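J.: I need the structure of the sequence given here:
(one chain, ligands or ions: 2)
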Amino acid sequence: GTATAGSDPAARALAALRTARHRTGVLTDSVTDDDLVAQHSRLMSPLVWDLAHIGNQEELWLVREAGRRTGVRPDLDHLYDAFRHPRADRPALPLLGPAEARGYVAQVRDETLDVLSGVDIDPDHPERLLAGGFVFGMLAQHEAQHGETMLATHQLRSGPAVLDAPAPPPAPADAATLPREVLVPGGPFTMGTSTEPWALDNELPAHQVGVAPFWLDTVPVTNGRYADFIAAGGYRDPAWWTPEGWRHVQEAGLEAPLFWSRDGDRWIRRRFGHLEPVPADEPVLHVCWYEADAFARWAGRRLPTEAEWEKAARHDPETGRSRRYPWGDADPGPQHANLGQRHLQPAPAGSYPEGAAPSGARQLVGDVWEWTSSDFSPYPGFAAFPYREYSEVFFGPDYKVLRGGAFGVDPAACRGTFRNWDYPIRRQIFSGFRTARDADPDRDGTSGTPAG
Ligand code: AVJ
Ligand code: FE
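T.: Residues are numbered from 1 along each chain as shown. Ligands and ions are numbered 1, 2, ... in the order given. As a prediction, the model looks like this:
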């Protein structure tokens, strides 16, 4: 059994729902009602849309579908259907106002708690939505994911700071002397999962994948190294960019990560309403896939594939099995990773030695989402559940996979198998990366072929 299976599933579901709702409260109560209904960026919904959408999805899937109840406001479905209305159009919709939206989500939550108290969370429940409490986990994760989306809206919003959190702890003493890269041995490993009760459809099923030996950065690429790329003229030399990436750099006028600006001869950044010098030892944040890919080429390296990333994060060479997290099977704690919006920035590179993977790589989970070279595609045996619009409609070459989760990701929506995706031009998300290179099977002695 895993750490999940050992704890009471109903208590776990309740805790995750409460944590998500507490954070929704922080993100929506910290701004004025005017700010709540305003659109801070065309890339984002008004916060009040996210709020009622959270309630509407909970009503739809948990109260009505799994709980077989009439629901609270089924008439609202169309307004809060993300596929019916693109984000840019949402401010013009006849949305619930701030007080109505707050009342609505509270009413839905009352129904949810009633459903939860009346259901037996059996791992073998005949209804798949209820098996292992999946539907509660799904909605807690949905709300947590919108928490991260709303956090991105806060970051895009102008004006004085409204959010506050302590800085992450300083880097541990050995951060400065870590090897630059770690070797991940070749051979097959188990990718994806068939046992995590709250895993989403795109993480299923567990399957064997062969990976050649490769070297991976011990820590994510830092602001300092990224600034070297800028100083070396990286944004002005098409040699480092794919043709689409180069076109995008020209059209969008990219010169640095989003939210960076020059202050004399140094870089400063805007972070949740504060202007501050860019810290050199912190993982770079708010870069798009094209920028990550170009940096890697400039550095003589490449982005890791999604399979490489997951092998580095989960494979235990001692036992040959895949862990739930880099550090083992235990749920994430504050000693393992920078998650859950405890801090409002990544921790310095080299932090969280207790969260290291067997290879020695650190911060694979938490701090910044990490771009991979891979398109978002289904695993062999994929089946959409519970709805095609969660993952299936996004499969294909338009979306790149991100792994690991950033400081604003809730632990309930974070696993070694969790897959995120976005367009390669997006950088309002909390995205960074690390780089890789092929190992030389002769020199590095990791062909995976048994000796003799
Ligand atoms: C998995 C983060 C790409 O925000 O579009 C939220 C999560 N799905 N509501 C998104 C999601 C439906 C999704 N991402
Ligand atoms: Fe959603």
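J.: Just want to check the distance between the residue nearest to the spatial centre of the chain and ligand 1.
T.: The residue lying closest to the centre of the chain (C-alpha atoms, centre = their mean) is G405, at 3.6 Å. To ligand 1, G405 is 11 Å away according to C-beta to the nearest ligand atom, to the nearest Å. Every C-beta, even on glycine, is put in place using the N, C-alpha and C of the backbone.
J.: in a helix, that's where that residue is, yeah?
T.: No - per DSSP: H, G, I helix; E, B strand; the rest coil, G405 lies outside any helix segment and is coil.
J.: Phi and psi next, for it.
T.: With angles defined as degrees, to the nearest 10, G405 sits at phi 90, psi 150.
J.: give the contact list for it.
T.: Applying C-beta atoms under 8 Å, 6 or more residues apart in numbering to G405 gives the contacts 337, 339, 365-366, 369, 413-414, 418, 420.
J.: Excluding chain neighbours, what is closest to it?
T.: C414 (4.3 Å; C-beta to C-beta, 6 or more residues apart in numbering).
J.: Check W267 too.
T.: V278 (4.2 Å).
J.: ok, now how distant is the one you found from ligand 1?
T.: V278 is 26 Å from ligand 1, where distance means C-beta to the nearest ligand atom.
J.: Would you check that that residue makes contact with A227?
T.: Yes - if you go by C-beta atoms under 8 Å, V278 and A227 touch, sitting 7.2 Å apart.
J.: ok, the two, which is more surrounded?
T.: V278 (23 against 19; other C-beta atoms under 10 Å).
J.: Mind telling me what element the one residue in the chain that gets nearest to ligand 1 is part of?
T.: For the chain and ligand 1, the shortest gap (C-beta to the nearest ligand atom) falls at Q145, measuring 4.3 Å. Following DSSP states H and E, one finds Q145 within helix 134-156.
J.: Skip ahead from that helix and say which helix or strand is next.
T.: Taking DSSP H and E, what comes next after helix 134-156 is strand 181-184.
J.: Give the other helices and strands that that following strand contacts.
T.: When contacts are defined as 3 or more C-beta pairs under 8 Å, 6 or more residues apart in numbering; DSSP states H and E, strand 181-184 packs onto strand 214-217, helix 306-314.
J.: What lies in contact with it?
T.: 211, 213-218, 308, 311-312, 315, 359-361, 437, 439, 444, 446.
J.: For it, give the mean pLDDT please.
T.: In this model, strand 181-184 carries a mean pLDDT of 98.
J.: Same check on stretch 84-97?
T.: pLDDT averaged over stretch 84-97 gives 93.
J.: My read is that D410 contacts G340, right?
T.: Yes - between D410 and G340 there is a contact under C-beta under 8 Å: 5.5 Å.
J.: shared neighbours, those two?
T.: In contact with both D410 and G340: T19, using C-beta under 8 Å, 6+ apart.
J.: thinking again about what came up before, quick one: the residue of the chain closest to ligand 1 from W298, how far?
T.: For Q145, the distance to W298 equals 32 Å [C-beta to C-beta, to the nearest Å].
J.: do T218 as well
T.: From T218 to W298 the distance is 19 Å (C-beta to C-beta).
J.: okay, the two: which has more neighbours?
T.: A count of neighbours by other C-beta under 10 Å puts T218 above the other of T218 and W298, at 21 against 18.
J.: State the phi and psi torsions of the more buried one.
T.: Dihedral angles (degrees, to the nearest 10) for T218: phi -60, psi -30.
J.: Now for it: which residues touch it?
T.: Contact partners of T218, counting by C-beta under 8 Å, 6+ apart, are 178-182, 350, 360-362.
J.: where does the stretch 301-450 of the chain come near ligand 1, residue by residue?
T.: Within the stretch 301-450 of the chain, the positions near ligand 1 by C-beta under 6 Å from any ligand atom are 420-421.
J.: in the stretch 301-450 of the chain, which spans are strands?
T.: Along the stretch 301-450 of the chain, counting by DSSP state E, counting those that start in this stretch, strands occupy 369-376, 396-403, 420-422, 431-432, 436-438.
J.: which regions of the protein lie under the pLDDT threshold?
T.: The chain contains residues with pLDDT under 70 at 1-6, 445-452.
J.: Count the neighbours of the residue nearest to G405 for me.
T.: Burial of C414 is recorded as 23 neighbouring residues (other C-beta under 10 Å).
J.: just checking, it touches L339?
T.: Yes - taking C-beta under 8 Å as the definition, C414 is a contact partner of L339 at 5.9 Å.
J.: Show me whatever sits in contact with both of these two.
T.: With C-beta under 8 Å, 6+ apart as the test, C414 and L339 both reach 332, 365-366, 405.
J.: Can you show me the helices along the stretch 1-150 of the chain?
T.: Using DSSP state H, counting those that start in this stretch, the helices of the stretch 1-150 of the chain run over 3-6, 9-29, 33-37, 47-57, 98-117, 134-156.
J.: So which of the ones you listed has the densest surroundings on average?
T.: Most buried of those by mean neighbour count (mean count of other C-beta atoms under 10 Å) is helix 47-57; its value is a mean of 25.
J.: Tell me where the stretch 301-450 of the chain has helices.
T.: Counting by DSSP H, counting those that start in this stretch, the helices of the stretch 301-450 of the chain are 306-314, 441-444.
J.: To A292, which of these lies closest?
T.: helix 306-314 (12.6 Å; C-beta to C-beta).
J.: Packing partners of the closest one?
T.: strand 181-184, strand 187-191, strand 207-211, strand 214-217, strand 369-376, strand 396-403.
J.: Rebuild these as TSV, extending it with distance to A165 and mean neighbour count.
T.: Shown next, in TSV, are those (distance: least, C-beta to C-beta, whole Å; neighbours: other C-beta atoms under 10 Å):
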stretch	distance to A165	mean neighbour count
strand 181-184	30	22
strand 187-191	34	19
strand 207-211	37	15
strand 214-217	27	24
strand 369-376	19	23
strand 396-403	23	19
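J.: Out of the ones you listed, which is closest to W260?
T.: Here strand 369-376 is closest among those (C-beta to C-beta), at 17.6 Å.
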